[in-house]
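Pasted the sequence and its predicted model underneath.
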Amino acid sequence: MSLQIFVDADACPVILEIERIAKKYHVPLHLYCDTKHVLQSEGGDVHVIGAGADAVDIAVANACKKGDVVVTQDYGVAAMVLGKGGVAVHQNGWQYTAENIDRLLYERYTVKKARRSSKKTHLRGPHKRTAETNEKFAAKFERLIASLKQAENQS
C-alpha cells in the first residue's frame, strides 16, 4: 500500500506547493478538475472529469483509499475520505478529523439554510489569500507527508 496524494484541484490555490512536496517525497500526485478548470501539471497526473454538480468531488472520494491524502476545501469530500480511512487536508493546511468533521458539516448546513431563507442575511466569505497563507499550508503539508512517508517506510 503506497501513499498517494489526491487534489480537488478546481480553484485550489496551493497546487504548486503540493506538486513540489509530492515530487520531493516521491509521492504519486493526482489532480482532479472539471472541464471548466482544466489545468496542466508537470508533477502529477491530471484527471479531467465531466462538468456536473459534485462530479469532481465524487471522483476524488472514489479514487482515494485508506492512508491516502486528499486536499480539498469541501467538507463533504473530507467526510467521505475520513470514512475510507484517508487523511483529508484543507487548502489552508488544517486537517479534517473525526473530532471536527461533524461540526464543520453542521456549520455548512446552517449557512446554506440561512442563505436559502427569505431573510436578508449577509454572511462573510473567507479572508483574502496571501503568500503567507500558502507558505503556512506548505509547511504543514510537508510535515504531514514526511511523517506519513516515514511511517510507510518503517512498515
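Nice, I can see it. Numbering: from 1, shown residues only.

CA only for contacts and neighbour counts going forward, please
OK.

wait, what's in contact with Tyr25?
Residues near Tyr25 by C-alpha atoms under 8 Å, 6 or more residues apart in numbering: Ile145, Ala146, Lys149.

What is the burial count for the second one?
Spelled out, it's Ala146. Using other C-alpha atoms under 10 Å, Ala146 has 16 neighbouring residues.

next one: the last one
Under the neighbour criterion other C-alpha under 10 Å, Lys149 is assigned a count of 16.

residue ranges of the helices in this protein, please?
15-24, 55-63, 75-83, 101-116, 131-154 (DSSP state H).

okay, those helices in JSON lines with distance to Leu31 next?
JSON lines is the format used below for the helices of the chain (distance: least, C-alpha to C-alpha, whole Å):
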{"stretch": "helix 15-24", "distance to Leu31": "8"}
{"stretch": "helix 55-63", "distance to Leu31": "9"}
{"stretch": "helix 75-83", "distance to Leu31": "14"}
{"stretch": "helix 101-116", "distance to Leu31": "23"}
{"stretch": "helix 131-154", "distance to Leu31": "16"}
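
Sounds good, over and out.
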